[in-house]
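In: predicted model follows, preceded by the sequence.
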Amino acid sequence: MNRCRRSSYDPLKAIPEPTWLVVRDKCTQVLEVRQLERGADLRAILEAAREARMAAGWKADPIGRASSSFFCTKDGTRVMVGIERRDPSIARLNHGAPRN
């Protein structure tokens, strides 16, 4: 029997490409965005964003080992905070998006 171990994927591994810390609403509209330095410690940045939200009174879900985002709620508002590898200012073509 072959018992190969798979290496675990780390979506917050530092990379040389640009990344962004993005807050989105329930309709995935961008509420906040901050471009991060290339090679930044993405896990530390996301943990700091989670801590800041909790200090501001938000209830935040834990960040999973294989996740690059978390959800948080406050006063009936739910948002997703995450690290993204695509520039959120560039519109994506998806279902229901206007075509140029």
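Out: Structure's in. What do you need?
In: tell me the bridge partners for the residue positioned nearest the centre of the chain.
Out: The C-alpha lying nearest the average C-alpha coordinate of the chain belongs to Gly82 (Cα atoms, centre = their mean; 1.2 Å). Gly82 forms beta bridges with Val22, Ser69, as assigned by DSSP bridges.
In: can you offset everything so residue one is 450?
Out: Yep, numbering from 450; the last one is Gly531 now.
In: contact partners for it?
Out: 470-471, 473, 495, 517-519 (Cβ atoms under 8 Å, 6 or more residues apart in numbering). To be clear about C-beta, it is placed using only N, CA and C from the backbone, and glycine gets the same treatment.
In: would you mind measuring from it to Ala497?
Out: 14 Å (Cβ to Cβ, to the nearest Å).
In: I'd assumed Val528 was in contact with Cys521.
Out: Yes. The criterion here is Cβ atoms under 8 Å, and Cys521 meets it with Val528 at 6.0 Å.
In: on that earlier part again, just curious, which of the contacts of Gly531 is nearest to Asp510?
Out: Phe519 (5.0 Å; Cβ to Cβ).
In: the closest one: how many residues sit nearby?
Out: For Phe519, the count of nearby residues is 19 (other Cβ atoms under 10 Å).
In: who's in contact with it?
Out: 495, 499, 509-512, 529-531.
In: can you check the pLDDT for it?
Out: pLDDT for Phe519: 97.
In: quick one: the strands in the protein?
Out: Applying DSSP state E to the chain gives strands spanning 468-473, 479-485, 508-509, 518-523, 526-533.
In: spatially nearest residue to Leu480 (excluding sequence neighbours)?
Out: Among residues not flanking Leu480 along the chain, Val472 sits closest, at 4.6 Å (Cβ to Cβ, 6 or more residues apart in numbering).
In: can you give me the pLDDT of the one you found?
Out: The model's pLDDT for Val472 equals 97.
In: that one contacts Val479, doesn't it?
Out: Yes. Using Cβ under 8 Å, Val472 is in contact with Val479, at 7.4 Å.
In: quick one: which of the two has more around it?
Out: Val472 (19 against 13).
In: so where is this protein shaky, pLDDT-wise?
Out: 450-455, 541-549 (pLDDT under 70).
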